[in-house]
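[1] sequence and predicted model, in that order:
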Amino acid sequence: QASGSLDEMKFALVEALVLTKLASDKSKPHRLLDVTSKLATHATLNGDKQNALKYSEEAILLVKETTQDQTSFRLGSLLIETGKLNIVCNMQERGLEQMSEGIGILDQLCGSDNEEVIQAKEEYERSFSEGKTDDR
């Protein structure tokens, strides 16, 4: 039954994506971002790492577009999560760069004592150390 629900979710999201792309109002980039982020979540729930990564990368571009390249909590969090996906998909360098950028944004916005910042730094260090071990 859960699989059926995920299939229905994807159908609804793809339909929403098509309809949003056909729109021409000022809220289009924001709605595209919402749908694209939800498609990334759907792919993650389905264990489809490649599509989760594809939609997450698109979402990063949409966040930058909708915020006019201003830093935001959403961008920082999305960079960290997309960085982790890149690492899982064997793109270690890109993943670490994205995680580092996201951590920098959240550190600036929330402070270095923020729990999410602390956790992201720990995950970054762990991923960095594992990457160095794999290179040997």
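    Cool, got the structure.

[2] how about low-confidence regions in this protein?
    Along the chain, segments meeting pLDDT under 70 span 1-4, 132-136.

[3] can you map out the strands along it?
    In the chain, no strands are found when defined by DSSP state E.

[4] for the residue nearest to Gln50 when sequence neighbours are not counted, give its distance to Thr71.
    Spatial nearest neighbour of Gln50, chain neighbours left out: Cys89 (6.7 Å); criterion: CB to CB, 6 or more residues apart in numbering. (Each C-beta comes from the backbone N, C-alpha and C, glycine too.) To Thr71, Cys89 is 25 Å away according to CB to CB, to the nearest Å.

[5] before we move on, what about Lys84?
    Taking CB to CB, one finds Lys84 at 19 Å from Thr71.

[6] who has more neighbours, the two?
    Comparing Lys84 with Thr71 by other CB atoms under 10 Å, the one with more neighbours is Lys84, at 21 against 15.

[7] which ones are touching the more buried one?
    By CB atoms under 8 Å, 6 or more residues apart in numbering, the contact list for Lys84 reads 95, 99, 123, 127.

[8] recalculate using a threshold of 10 Å.
    Taking CB atoms under 10 Å, 6 or more residues apart in numbering, we find Lys84 in contact with 53, 56, 95-96, 98-99, 102, 120, 123-124, 127.

[9] near Gly111, how many other residues are there?
    By the criterion of other CB under 10 Å, Gly111 has 9 neighbours.

[10] what does Gly76 give?
    Look at Gly76: counted by other CB under 10 Å, it has 24 neighbours.
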